[in-house]
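A.B. asks: test case, fold it:
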Amino acid sequence: MPSTSSLEAMSIDLSQVPEPIMETVRLFAAVEGVTLTKPEDYARYILEDEDALEIVLPYIDHDF
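C.D. replies: Coordinates of the predicted model:
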């Protein structure tokens, strides 16, 4: 997993991710007690959570 400093330098374009997938990410976070409200929250959570990244990966244009 990337270090925290390299995570801060990464960004994810979530504009192509379908709403049902974003809702799934929100539910993953809610189970862990994390509230996602802003796109930055979603991006940070996705970068830190392997399961969330796995479901979003087909929709984002990034080298992981």
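
A.B. asks: so where's the longest helix in the protein?
C.D. replies: Across the chain, the longest stretch assigned as helix under DSSP state H is helix 19-31.

A.B. asks: so what does that one touch, helix or strand wise?
C.D. replies: Secondary-structure packing of helix 19-31 (3 or more CB pairs under 8 Å, 6 or more residues apart in numbering; DSSP states H and E): helix 39-48, helix 50-56. Bear in mind the C-beta positions are built from the backbone N, C-alpha and C, glycine included.

A.B. asks: now that helix, how far from the centre of its chain.
C.D. replies: Centre-to-centre, helix 19-31 and its host chain are 9 Å apart (CA atoms, centre = their mean, to the nearest Å).

A.B. asks: report the inter-axis angle for it versus helix 39-48.
C.D. replies: 70 degrees (axes from the mean of the first three to the mean of the last three CA atoms, to 10 degrees).

A.B. asks: now do V34 against V25, distance only.
C.D. replies: Computed with CB to CB, to the nearest Å, the distance linking V34 and V25 is 10 Å.

A.B. asks: which residues do these two both contact?
C.D. replies: Listed as contacting both V34 and V25 by CB atoms under 8 Å, 6 or more residues apart in numbering are Y45.

A.B. asks: which one of the helices and strands packed on helix 19-31 is the most hemmed in?
C.D. replies: helix 39-48 (a mean of 18; mean count of other CB atoms under 10 Å).

A.B. asks: any stretches of this structure with poor pLDDT?
C.D. replies: Within the chain, the ranges that satisfy pLDDT under 70 run 1-10, 62-64.

A.B. asks: centroid-nearest residue for it?
C.D. replies: Geometric centre of the chain, nearest residue: I46, 2.0 Å, by CA atoms, centre = their mean.

A.B. asks: quick one, what contacts that one?
C.D. replies: Counted by CB under 8 Å, 6+ apart, I46 has contacts 12, 14, 25, 52-53, 56.
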